[in-house]
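Trainee: this is the structure alone, sequence omitted:
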């Protein structure tokens, strides 16, 4: 694959996206709380979402691709 | 900077959207035939729909100096009604010579069923027979990976197919490699919640480069916005990419793909 090199340094990218990343993670945390406050559920989709959350923040590359593959039937 | 929108369902949008697109330097848009939000009950309804996107929409767009092009085809979602789908496919060729029609689309798979596969295959045959471009719909969400593989397998059965004339739309992180390895164009659709975001589209361009890559906003009757295409342009610029490269993605690349049809009048800068 021949990519398009971003001129931005990692720190610059983190500056650009930190608040957005924080906000998205907070929304996920709040949604889990919301469901739990109403008594929770053992719906398998919650298990799936927990695994997806792990993939999203793990230490290996291609998180987005692995996230999509995990969901694929 | 000029912008071409390769995939948008303007039938579902207001005239104000044409105005907004024009003010953001969109000079052409392409409307593939697709699901209307409900299952149509007669072939006549499809005939009316194809007539609408080949007559009314080009005139409405022209008021805002936007050239409107169309793709004609039986969408996979309604292909489950196989009798109706066969009837609709029988008159698809009648529309191919309309002045704004670029080819067959959007065709493909939705839930990866045998009926969908039959109608997809039949329309691939029509496209090859008439030497037309194809705009392909890949399934949404969990069905996308399997559906994209199945569509590649179907196309592999056609040795005369010119892969330069085919674009797989709604490509995402997990389907890009197989599409590009097979030599097809890839379209990335920006659509809130269920498809790509502007940031993920630019991530993909950074990973894969700009060759044979298209970006579209796919505005339709659902929660969507033609302006998300321009959000991707801004996203690419704010990451520091040169305007020349940005324009190559949002203007030149559509010109190269769509310009394989002489009816498409815009020319790439190079």
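Mentor: Right, received. Where do you want to start? Nothing here was measured: the structure is a model prediction, and the numbers come from that model. Residues are numbered from 1 along each chain as shown, chains lettered A, B, ... in the order given.
Trainee: how much space separates residue B:236 from residue B:210?
Mentor: To residue B:210, residue B:236 is 10 Å away according to Cβ to Cβ, to the nearest Å. Every C-beta, even on glycine, is put in place using the N, C-alpha and C of the backbone.
Trainee: quick one, phi psi at the closest residue to residue B:34 other than its chain neighbours?
Mentor: Distances taken as Cβ to Cβ, 6 or more residues apart in numbering or on different chains put residue B:75 closest to residue B:34, at 4.7 Å, once the chain neighbours are dropped. Per-residue torsions, residue B:75: phi -70, psi 150 (degrees, to the nearest 10).
Trainee: okay, now residue B:75: neighbour count?
Mentor: For residue B:75, the neighbour count with other Cβ atoms under 10 Å in any protein chain shown is 23.
Trainee: before we move on, the earlier item: shared neighbours, residue B:236 and residue B:210?
Mentor: Residues touching both residue B:236 and residue B:210 (Cβ atoms under 8 Å, 6 or more residues apart in numbering or on different chains): B:245, B:249.
Trainee: list the residues that contact the spatially most central residue of chain A.
Mentor: The centre of chain A sits closest to residue A:56, judged by Cα atoms, centre = their mean, with a distance of 3.8 Å. Residue A:56 is in contact with A:63, A:67, counting by Cβ under 8 Å, 6+ apart.
Trainee: how far is the host helix or strand of it from where the chain is centred?
Mentor: Secondary structure from DSSP states H and E places residue A:56 in helix A:44-57. Between the centre of helix A:44-57 and the centre of its host chain there is 8 Å, according to Cα atoms, centre = their mean, to the nearest Å.
Trainee: on the C-terminal side of it, identify the next helix or strand.
Mentor: Assigned by DSSP H and E, the successor of helix A:44-57 is helix A:63-71.
Trainee: what residues does chain A have near chain B?
Mentor: Residues of chain A lying near chain B by Cβ under 8 Å from any Cβ of the partner chain: A:1-8, A:13, A:16-17, A:62, A:64-65, A:67-69, A:71-73.
Trainee: and the buried ones among the residues you listed, selectable in ChimeraX?
Mentor: In ChimeraX, this line selects whichever of the residues of chain A next to chain B come out buried by 16 or more other Cβ atoms under 10 Å in any protein chain shown:
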select /A:4,6,8,64,65,67,68,71,72
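Trainee: ok, now how distant is residue B:21 from residue B:57?
Mentor: Residue B:21 is 13 Å from residue B:57, by Cβ to Cβ.
Trainee: what about those two, which has more around it?
Mentor: For residue B:21 and residue B:57, the more surrounded residue by other Cβ under 10 Å is residue B:21, and the numbers stand at 27 against 22.
Trainee: wait, the more buried one touches residue B:64, no?
Mentor: Yes: between residue B:21 and residue B:64 there is a contact under Cβ atoms under 8 Å: 7.2 Å.
Trainee: my read: the residue nearest to residue B:34 touches residue B:107, true?
Mentor: Yes: contact criterion Cβ under 8 Å: residue B:75 and residue B:107 qualify, at 7.2 Å.
Trainee: now do the shared contacts for these two.
Mentor: Jointly contacting residue B:75 and residue B:107 under the rule Cβ under 8 Å, 6+ apart are residue B:137.
Trainee: from residue B:250, how far off is the residue nearest to the centre of chain A?
Mentor: Distance, residue A:56 to residue B:250, by Cβ to Cβ: 29 Å.
Trainee: ok so, going back, if I look at the residue nearest to the centre of chain A, what pLDDT would I see?
Mentor: For residue A:56, the pLDDT comes out at 98.
Trainee: try residue A:1
Mentor: 61.
Trainee: identify the spatial nearest neighbour of whichever residue of the stretch 1-150 of chain B sits closest to chain A, chain neighbours not counted.
Mentor: Using Cβ to the nearest Cβ, residue B:145 is the residue of the stretch 1-150 of chain B that sits closest to chain A, at 3.7 Å. Excluding the flanking residues, the one nearest residue B:145 by Cβ to Cβ, 6+ apart is residue A:72, at 3.7 Å.
Trainee: now swap in residue B:127 and tell me
Mentor: The shortest distance from residue B:127 to any non-neighbouring residue, by Cβ to Cβ, 6+ apart, is to residue B:104 (4.3 Å).
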